[in-house]
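> sharing a model that was predicted from the sequence below.
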Amino acid sequence: MASRLPHNVRCLLAARASRSVGQGATVATFSLYLHALGFGGPAIGLVLMAGLAFGSVLTLIIGPLSDRVSRRRLLIVYEVSALAAAIAAIVSPNEAVLIAAATLAGFGRGANGAAGPFAPVEQAWIAREVDGEDRRRALTLN
């Protein structure tokens, strides 16, 4: 089935799978990392809640925006932003930078292992590129 999908859809599905693996590792370790830095349970919960709230608001904005702006461009901006946030979190000793990066990039919330803020963009792209039974299968993989 995958060979019948257009190349860009296969790349999109592969990128999502890669992000899912990375997010899975982050979900498993990020709370422990915050705890090791001295964050208590309520503070860890607030950091994760901030990321979840930001992702929810972003979902409301990104879906309609993807109808007017290039979906490819939106996804590239998302990937670059997530990379920049990860680098900032790694290199900065500042807790505020870590919290901002975690909120913006969704550390610890499984944004891509499950439906995240950019899922509507990915699904719309797949729906535009693939027809019929292949569309249903591709959306199932996404």
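Here it is on my side, so go on. Residues are numbered from 1 along each chain as shown.

> when you work out contacts or count neighbours from here on, use the C-alpha atoms and nothing else.
Fine.

> helices or strands up against the helix or strand of the chain with the lowest mean pLDDT?
Of the helices and strands making up the chain, the lowest-confidence element is helix 132-141, at a mean of 82, by mean pLDDT, DSSP states H and E. Helix 132-141 is packed against helix 119-129, with contacts defined by 3 or more CA pairs under 8 Å, 6 or more residues apart in numbering; DSSP states H and E.

> which residues are in contact with the helix it packs on?
Helix 119-129 is touched from outside by 6, 9, 12, 59, 62-63, 66, 71, 74-75, 112, 135, 138-139, 142, with contacts defined as CA atoms under 8 Å, 6 or more residues apart in numbering.

> before we move on, what about stretch 61-77?
Outside stretch 61-77, the residues within contact range by CA under 8 Å, 6+ apart are 117, 118, 120, 121, 122, 125.

> give me the low-pLDDT residue ranges for this structure?
1-3, 109-115, 142 (pLDDT under 70).

> try it again with 50
Under the criterion pLDDT under 50, the flagged ranges of the chain are 112.
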